[in-house]
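# just to be clear, the model below is a prediction. Sequence and coordinates:
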Amino acid sequence: MTVASFHPPSRMLMGPGPSDIHSRVLQSLGRPIIGHLDPEFILMMDEIKGLLQYAFQTTNQMTLPISAPGSAGMEACFVNLVEPGDTIIVCVNGVFGGRMVENVERCGATAIKVEDEWGSPIDLNKLEDALKANPDAKAVAFVHAETSTGVQSDASAIAQLARDYEALTIMDAVTSLGGTPVLVDEWQIDACYSGTQKCLSCVPGISPITFSDKALEVIRTRNHKVQSWFLDMNLIMGYWSSEGSTRSYHHTAPVNTLYALHESLVMLKEEGLENAWKRHQRNHQALKAGLSALGLELIVDEAHRLPQLNAVKIPEGVDEALVRRRMLSDFGIEIGAGLGALAGKVWRIGLMGQSSSPRHVTLALAALEGVLTDLGVSIKDGDAAGAAQKVLLA
Ligand SMILES: *Cc1c(COP(=O)(O)O)cnc(C)c1O
């Protein structure tokens, strides 16, 4: 067998992540490696922390990137804040809420599930009932932006309820960060994690995370050691948080990946968070107009819709997997399949980070219209790309 270099094909990534990456970020990966305790590297680490504070809109000192994907950020929140015997209320309205339950149970704690239908936001009344029924609940955990359904829940109201009942909040902002407002300080979220490959448009494999002072106090005064050595924030603080010369080795930071994170955060700062949120909203409106010209509908009510993740109802009788395969093979465009309860029922079209652009919206709509027409699917008005242009140029 001959083994050759791998050359990936040209793609437009419009699924649930990873999203497309700007050449500035890709090029930063090829810069020379330096030691992860090099004084110059440590200066860059401090800049990353400051830029992440900006992205999360927080002054939390404990704001840093975990050297592993979003799932590790989720796990870091649970293993640090949850101890055996604790009760944690977990809101479940999609795949990722379900994973939170798994995390709680693996910490030896009890998960009280507050369940809502897939495609609906978290119901505040149900959450309040659960808080009343479980006065000892230590925390409320929820997913801000459910990537499996395209729903955004009211994080501010959820956090307020949790505070009313003296519970901490743990929030998944993997898909929201950089795409829609994530206001950690204003909403008083105690622990929040994200990922780099969604609206930050960086390479996968890093999880930005932030803890409030209240959460840090809970971590410092635990009765049991954190069960995960790698994710123990007490140890990670020694590398990321102490003063320059006293930083101690914990694990080898992914040096070049952090160059990429730094560059993607610099780009976010240059654009400005508010502008990034507006861009995601505008491209979503254009996509929606184009889908509607094809007679396609989004499954989520307008009030709770995520602009960066569009769950599109699959018309009767359409071979949804074939459509995705043709989008990929004929046009190099990746769109996502439905997950869990929505498998086979929706396509998930991501407009995240660099993939939220007029180019992506227009080309994806033209390609989708072409594929559906070729497969003999009846479409409503047609000229989906034209309908999108009307919104983009308005
Ligand atoms: C993608 C995602 C995750 C997991 O992130 P990975 O980087 O794939 O581990 C967690 N939560 C939500 C809401 C996500 O969309």
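Received it, and whenever you're ready, just let me know what you need.

# which element follows the least confident helix or strand in the chain by mean pLDDT toward the C-terminus?
Least confident helix or strand of the chain, by mean pLDDT, DSSP states H and E, is helix 233-240 with a mean of 86. Sequence-wise, the next helix or strand downstream of helix 233-240 (DSSP states H and E) is helix 255-271.

# tell me what that next one is packed against?
Under the contact criterion of 3 or more C-beta pairs under 8 Å, 6 or more residues apart in numbering; DSSP states H and E, helix 255-271 touches helix 23-28, helix 39-56. For glycine as for every other residue, the C-beta is placed from the backbone atoms N, C-alpha and C.

# which among these is found nearest to the ligand?
helix 39-56 (15.4 Å; C-beta to the nearest ligand atom).

# residue in this structure nearest to the ligand?
Closest point on the chain to the ligand, by C-beta to the nearest ligand atom, is Gly70, at 2.5 Å.

# so which helix or strand takes in Phe6?
Phe6 belongs to no helix or strand, assigned by DSSP H and E.

# can you get me a residue count around it?
Neighbour count of Phe6, defined by other C-beta atoms under 10 Å: 5.

# about what we covered before: please name the nearest non-neighbouring residue to the residue of the chain closest to the ligand.
In space, and not counting its chain neighbours, Gly70 is closest to Gly195: 3.2 Å by C-beta to C-beta, 6 or more residues apart in numbering.

# name the SS class of the one you found, please.
For Gly195, the assignment made with DSSP: H, G, I helix; E, B strand; the rest coil gives coil.

# one more: Ala4?
Ala4 - assigned by three-state DSSP - is coil.

# now do Ile335
Per three-state DSSP, Ile335 ends up strand.

# now the strands for this protein?
Listed in chain order, the strands of the chain (DSSP state E) span 12-14, 62-66, 87-92, 110-115, 139-143, 145-146, 151-152, 168-172, 191-193, 207-211, 309-313, 333-337, 346-350.

# tell me which strands the fourth one pairs with, and in which orientation.
The sheet places strand 110-115 alongside strand 87-92 (parallel), with pairing taken from DSSP bridges.

# CA atoms only: put the strand it pairs with into PDB for me.
Output of strand 87-92 as PDB, limited to C-alpha atoms (Å, rounded to 0.1, in the frame of the first residue of the first chain):
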ATOM      1  CA  THR A  87     -29.200  17.100  43.100                       C
ATOM      2  CA  ILE A  88     -29.000  19.000  39.800                       C
ATOM      3  CA  ILE A  89     -31.900  20.200  37.700                       C
ATOM      4  CA  VAL A  90     -31.300  19.600  34.000                       C
ATOM      5  CA  CYS A  91     -33.400  21.100  31.300                       C
ATOM      6  CA  VAL A  92     -33.700  18.700  28.400                       C
END
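
# so that strand, near the ligand or not?
No. On the criterion C-beta under 6 Å from any ligand atom, strand 87-92 is out of touch with the ligand, staying 12.3 Å away.

# what does stretch 180-199 give?
Yes. Residues of stretch 180-199 contacting the ligand under C-beta under 6 Å from any ligand atom: Gly195.

# and that stretch, end to end?
By C-alpha to C-alpha, to the nearest Å, the extent of stretch 180-199 from end to end equals 9 Å.

# tell me which residues of it are tucked away?
180-182, 184, 187, 189-199 (16 or more other C-beta atoms under 10 Å).

# interface residues of this protein facing the ligand?
17, 69-71, 74, 96, 143, 147, 172, 174-175, 195, 204.

# so which two of these are the farthest from each other?
Val143 and Pro204 (18.4 Å; C-beta to C-beta).

# which of those two has more residues huddled nearby?
More neighbours surround Val143 than the other of Val143 and Pro204, with 32 against 16 (other C-beta under 10 Å).

# so how far is Val114 from the more buried one?
According to C-beta to C-beta, to the nearest Å, Val143 and Val114 sit 12 Å apart.

# quick one: distance of stretch 78-96 to the chain centre.
18 Å (C-alpha atoms, centre = their mean, to the nearest Å).

# also stretch 284-298?
With C-alpha atoms, centre = their mean, you get 23 Å for stretch 284-298.

# in that stretch, what counts as buried?
Residues of stretch 284-298 classed as buried by neighbour count (16+ other C-beta under 10 Å): 284-294, 296, 298.

# and that stretch, C-alpha only, in CSV?
This file holds the C-alpha atoms of stretch 284-298, laid out as CSV (Å, rounded to 0.1, in the frame of the first residue of the first chain):
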residue,chain,number,x,y,z
HIS,A,284,-30.7,33.9,8.5
GLN,A,285,-33.5,36.2,7.2
ALA,A,286,-32.2,35.8,3.7
LEU,A,287,-32.0,32.0,4.0
LYS,A,288,-35.6,32.0,5.4
ALA,A,289,-36.9,34.0,2.4
GLY,A,290,-35.2,31.6,0.0
LEU,A,291,-36.5,28.5,1.7
SER,A,292,-39.9,29.9,1.7
ALA,A,293,-39.7,30.5,-2.1
LEU,A,294,-39.1,26.7,-2.3
GLY,A,295,-42.1,26.1,0.0
LEU,A,296,-39.8,24.9,2.8
GLU,A,297,-40.6,25.6,6.5
LEU,A,298,-38.5,26.0,9.6
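
# quick one: low-confidence ranges for this protein?
Across the chain, the ranges flagged by pLDDT under 70 are 242-245.

# what two of the buried residues of stretch 180-199 are the furthest from one another?
Top of the distance list for those (C-beta to C-beta): Asp190 and Gln197, 24.7 Å.

# one step back: and the angle for the least confident helix or strand of the chain with helix 39-56?
Relative orientation of helix 233-240 and helix 39-56, computed by axes from the mean of the first three to the mean of the last three C-alpha atoms, to 10 degrees: 120 degrees.

# what about the strands of the chain, which gets the closest to Ser28?
Across these, Ser28 has its closest neighbour in strand 62-66 (14.6 Å, C-beta to C-beta).

# give the pairing partners of the closest one; include direction for each.
In the sheet, strand 62-66 lines up against strand 207-211 (antiparallel) (DSSP bridges).
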